[in-house]
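Enquirer: the sequence and its predicted three-dimensional model are supplied below.
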Amino acid sequence: MKTTVIVPTYNERENIERLVRLLLGLPGEINTIIVDDGSPDGTGAIADALAEEYPSRVEVIHRSGKLGLGTAYIAGFRRALAGDSGLICTMDADFSHPPATIPEMVAKAAASYDLVIGSRYVPGGRTVGCTPPRIALSWGANAFARVLLGLRAHDTTAGFRCYRRAVLEKAPLDQILSNGYSFLIEMLYHVQRQGWKVGEVPITFENRREGTSKISKSEITKALATVSRLFGQRLKYLGRKVPPAC
């Protein structure tokens, strides 16, 4: 099944070329869409060179500046949906998400799942190179989202995902208000509410070796606000049966 991998970038010149070449070398029919938010370090120029080298397999969306992770995903989704890919994946550019896991995610999605998450928090998953406070923050954010929103996936904040095309075609992309990393929680909330089948595969999440982290205190505050807002929506639907997510 043809698969498109969406990679949002901002100042990822150390990583993007190696990542794209690894993705294109994976088994199966895999293409890439790079969504670059006007990286001042030249990431966009490297992406353009890759698109020129692989004109049928690499596309680049240039945006004027840091417009947010959520809108970068949506721009990538819309471009991918304009093509004929049956599966659409998302991942970070910093190698925290192992490209070698994509074939397993694709196989699981092609078999019977509508959304497959590369998860740190299922048996076999782990985190490497992160400080204890960051691990505690991630674990706490996931627990907070799962309890308040009734999410059944274990890694609710993971950006390493593989969606069936139909999920994104029916997703209320225009109604999603969150933009940063909380976009991932809101997308998962809507996917589960619509009754799609969600699965997870274990990954080793490795903290970035090159470049700098994009997570800030502001992003954490936004995530808390997003979960609280969605919890208010969920209260309106209490008593309705939500189909099992996995």
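Expert: Here it is on my side, so go on.
Enquirer: C-alpha from now on. contacts and neighbour counts both.
Expert: Fine.
Enquirer: so Phe205 makes contact with Asp94?
Expert: No. Taking contacts as C-alpha atoms under 8 Å, Phe205 lies outside contact range of Asp94: 10.7 Å.
Enquirer: find the residues that touch each one of these two.
Expert: Overlap of the contact sets of Phe205 and Asp94 (by C-alpha atoms under 8 Å, 6 or more residues apart in numbering) is empty.
Enquirer: let me see the contact set for Leu188.
Expert: Leu188 touches Leu151, Thr156, counting by C-alpha under 8 Å, 6+ apart.
Enquirer: so where is this protein shaky, pLDDT-wise?
Expert: Scanning the chain for pLDDT under 70 picks out 208-217, 238-246.
Enquirer: how far away is Ser228 from Pro172?
Expert: Distance, Ser228 to Pro172, by C-alpha to C-alpha, to the nearest Å: 19 Å.
Enquirer: correction: Ser64
Expert: On the measure of C-alpha to C-alpha, Ser64 and Pro172 end up 25 Å apart.
Enquirer: so which residues of the chain form strands?
Expert: 3-9, 30-36, 58-62, 87-90, 115-119, 126-128, 161-164, 198-202, 204-206 (DSSP state E).
Enquirer: show me what the third one is packed against.
Expert: With contacts defined as 3 or more C-alpha pairs under 8 Å, 6 or more residues apart in numbering; DSSP states H and E, the packing partners of strand 58-62 are strand 30-36, helix 43-53.
Enquirer: nearest to Ser138, out of the ones you listed?
Expert: Nearest of these to Ser138, taken as C-alpha to C-alpha: strand 30-36 at 25.0 Å.
Enquirer: can you tell me the centre-most residue of this structure?
Expert: Gly159 (2.8 Å; C-alpha atoms, centre = their mean).
Enquirer: for it, which non-adjacent residue is closest in space?
Expert: In space, and not counting its chain neighbours, Gly159 is closest to Met91: 5.6 Å by C-alpha to C-alpha, 6 or more residues apart in numbering.
Enquirer: thought that neighbour was touching Cys162?
Expert: No. Met91 is not in contact with Cys162 according to C-alpha under 8 Å; the separation is 9.1 Å.
Enquirer: quick one on the thing from earlier: and the gap between the residue nearest to the centre of the chain and Gly42?
Expert: 24 Å.
Enquirer: can you tell me how far the residue lying closest to Asp84 once chain neighbours are set aside sits from Ser85?
Expert: Take Asp84 and drop its neighbours on the chain: the residue closest to it by C-alpha to C-alpha, 6+ apart is Lys2, 7.5 Å away. Distance, Lys2 to Ser85, by C-alpha to C-alpha: 5 Å.
Enquirer: neighbour-wise, which of those two wins?
Expert: Between Lys2 and Ser85, counted using other C-alpha atoms under 10 Å, the more crowded position is Ser85 (18 against 13).
Enquirer: and the more buried one, what does it touch?
Expert: Contacts of Ser85 (C-alpha under 8 Å, 6+ apart): Met1, Lys2, Thr3, Thr4, Arg165.
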